[in-house]
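Novice: Pasting a predicted model and its sequence here:
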Amino acid sequence: MIKQEIKDLFLKVKNQNPLVHHITNNVTINDCANATLAIGGSPVMATSIEEVADMVKLANALVINFGTIDDETYASMVRAGQAANKKGIPVIFDPVGVGATPFRTNRAKDFLEHVNVSIVRGNASEVFALIGGEASTRGVDSGTLSISVRDLAKNAAAKLQTIAVISGELDTISNGNQIVQIENGDILLTRITGTGCMTASLIACFSGVTEDWFSAAIAGMSVMSLAGERARKAIQDNEGIGTYRMKLMDEIFLMDNQIWAEGVRLL
Ligand SMILES: Nc1ncnc2c1ncn2[C@@H]1O[C@H](COP(=O)(O)OP(=O)(O)OP(=O)(O)O)[C@@H](O)[C@H]1O
Ligand SMILES: Cc1ncsc1CCO
Ligand SMILES: [Mg+2]
């Protein structure tokens, strides 16, 4: 059932070319723009508080990523988020590094008080920190956890009234009732920066063309993990993460409903 709905989303993205407004970090911003283009969306990255609300008026989805947050960018994020809520487009929040420093954790909590987030996408320790857990986020990378990822996804979705997407060895998506896990992935995805950030962009593309944001979240997350698995098979033994990064972008570009349906392993 969910699989058929997701299959239909690939063509919708390609036909509708959703505009995804990002306010994101300055490490992986270019990768996010290219991942958006590769799946069939249009990216725009605009940060000034003077224009973010106007840009949201044109957009089909909004990505907010805390990677290199500062006070000025944060104010723009709140303004853009509120404009997106008013318009009814999905807000995808990537709480990068939350749990690592009090500044990030406090700002993330403040953001959730001011903006209705449709989908939270993070690694396990970031999402755990977001719901008040004692997480061990190492900079922007996930640490160990004292709760199962299934419980974490379900609790986070219920507590934050959102869809929770937790990436990891098994990706876990919950809307508070249902839980879907994705078996695909490859450890090399953790050896290049921005695969999580790009996942949020992919989710935004899918959620910009449907009202079924749960399916959109599963679609975006599984495209990254399946593309990562396929990219590993596409590199030679004497090639490393430089080639892998390029192949990953190729596999996102090549992804369609058929490749997806044949390769995805949902639990
Ligand atoms: N142990 C693992 N084995 C296989 N795949 C993994 C593993 N850990 C993460 N992944 C995959 O890596 C991708 C990114 O997830 P990750 O949890 O590393 O995000 P992240 O920490 O937010 O990344 P970034 O901050 O660099 O953007 C996902 O597709 C996920 O399935
Ligand atoms: C490495 C890094 N530092 C801040 S944002 C970012 C990109 C991955 O999240
Ligand atoms: Mg991340």
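Specialist: Sure thing, it's come through. Numbering: from 1, shown residues only. Ligands and ions are numbered 1, 2, ... in the order given.

Novice: What residues does the closest residue to ligand 3 within the stretch 151-267 of the chain make contact with?
Specialist: Checking the stretch 151-267 of the chain residue by residue against ligand 3 with Cβ to the ion singles out residue 196 as nearest, at 3.2 Å. Every C-beta, even on glycine, is put in place using the N, C-alpha and C of the backbone. Residue 196 sits next to 94, 96, 121-123, 167 when contact means Cβ atoms under 8 Å, 6 or more residues apart in numbering.

Novice: Just the closest of those residues to ligand 2, please.
Specialist: residue 96 (4.6 Å; Cβ to the nearest ligand atom).

Novice: what's the neighbour count on the nearest residue to the closest one once chain neighbours are set aside?
Specialist: In space, residue 96 comes closest to residue 67 once its chain neighbours are excluded; the distance is 4.1 Å by Cβ to Cβ, 6 or more residues apart in numbering. Other residues lying near residue 67 total 22 when counted by other Cβ atoms under 10 Å.

Novice: one step back: Provide the backbone phi and psi angles at the residue of the stretch 151-267 of the chain closest to ligand 3.
Specialist: phi -70, psi -50 (degrees, to the nearest 10).

Novice: Distance check, it against residue 121.
Specialist: When distances are taken as Cβ to Cβ, to the nearest Å, residue 196 and residue 121 turn out to be 7 Å apart.

Novice: and the gap between residue 79 and ligand 2?
Specialist: Here the criterion is Cβ to the nearest ligand atom, to the nearest Å. By it, residue 79 lies 21 Å from ligand 2.

Novice: so that residue touches residue 50, yeah?
Specialist: No. Residue 79 sits out of contact with residue 50 when judged by Cβ atoms under 8 Å, with a separation of 9.6 Å.

Novice: Looking only at neighbour counts, state which of those two leads.
Specialist: Per other Cβ under 10 Å, whichever of residue 79 and residue 50 has more neighbours is residue 79, with 19 against 10.

Novice: hmm, who's touching the helix or strand that contains that one?
Specialist: According to DSSP states H and E, residue 79 maps onto helix 71-87. The contact list for helix 71-87, computed with Cβ under 8 Å, 6+ apart, reads 21, 23, 47-49, 52-53, 55-57, 59, 62, 64, 69, 90-91, 107, 111, 114-117.

Novice: Buried only: go through those residues for me.
Specialist: 21, 23, 47, 52-53, 55-56, 59, 62, 64, 69, 90-91, 107, 111, 115, 117 (16 or more other Cβ atoms under 10 Å).

Novice: Which of those fall in strands?
Specialist: 21, 23, 62, 64, 91 (DSSP state E).

Novice: partners of the third one in the sheet?
Specialist: Right, residue 62. With DSSP bridges applied, residue 62 shows beta-bridge pairing to residue 21, residue 91.

Novice: So for the helix holding residue 79, what gets flagged as buried?
Specialist: Residues of helix 71-87 classed as buried under the neighbour-count rule (16+ other Cβ under 10 Å) are 73-74, 76-85.

Novice: Stretch 7-17 now?
Specialist: Along stretch 7-17, these residues count as buried under the neighbour rule (16+ other Cβ under 10 Å): 7, 9-10, 12-13.

Novice: Kindly reformat those as JSON lines containing distance to ligand 3, pLDDT and secondary structure.
Specialist: Formatted as JSON lines, the entries for the buried residues of stretch 7-17 read as follows, by distance: Cβ to the ion, whole Å; pLDDT from 0 to 100; DSSP: H, G, I helix; E, B strand; the rest coil:
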{"residue": "7", "distance to ligand 3": "27", "pLDDT": "92", "secondary structure": "helix"}
{"residue": "9", "distance to ligand 3": "23", "pLDDT": "97", "secondary structure": "helix"}
{"residue": "10", "distance to ligand 3": "24", "pLDDT": "98", "secondary structure": "helix"}
{"residue": "12", "distance to ligand 3": "26", "pLDDT": "98", "secondary structure": "helix"}
{"residue": "13", "distance to ligand 3": "22", "pLDDT": "98", "secondary structure": "helix"}
